[in-house]
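1. The sequence and its predicted three-dimensional model are supplied below.
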Amino acid sequence: MTGDNNLKVLNALDVAKTQWYHFTTIIIVGMGFFTDAYDLFCISLVTKMLGRIYYHVDGSPKPGSLPPNVSSAVNGVALRDTRLGQVFFGWLGDKMGRKKVYGLNLMLMCICSIASGLSFGRDAKAIMATLCFFRF
């Protein structure tokens, strides 16, 4: 019985005419994908700058670089928690409705992005910890 209903829904989608709603949906989904992908791919450039700023040794001819454990923490937090966020917000979207959860997710991403840029602390270790927390 459920298989027949699924086929009817898919058939209705196949024969539906393209409407403005479809273009709006494509733009909204594309923006979500872009922000998520940008967050994951820009961190490699950011880690180089963080190393030069916070781990530079005065008098050294080479620019500073993040220690391997700090670099893997900053990169790993985003990759691991993206997967957890997809599962959690997908489940929450099924329970509360996709539109509501998308708005909640968008607000959370904006707030945490600003907070990541304003990471605070007295030393490099504290700054990296707050950066990892807000990237979570």
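-> Yes, it's here.
2. Just the buried residues of stretch 127-136, please?
-> 127-128, 131-132, 134-135 (16 or more other CB atoms under 10 Å). Any C-beta I mention is one placed from the backbone N, CA and C, and that applies to glycine too.
3. Show residues contacting it.
-> Stretch 127-136 is contacted by residues 39, 43, 50, 54, 70, 73-74, 77-78, 81, 112, 115-116, 119-121 when judged by CB atoms under 8 Å, 6 or more residues apart in numbering.
4. Pull the most distant pair out of these.
-> Spanning the widest gap among the contacts of stretch 127-136 are Y54 and D81, at 22.3 Å by CB to CB.
5. residues of the helix or strand of the chain with the lowest mean pLDDT that come out buried?
-> Lowest on mean pLDDT, DSSP states H and E among the helices and strands of the chain sits helix 2-15, with a mean of 74. With burial defined by 16+ other CB under 10 Å, not one residue of helix 2-15 is counted as buried.
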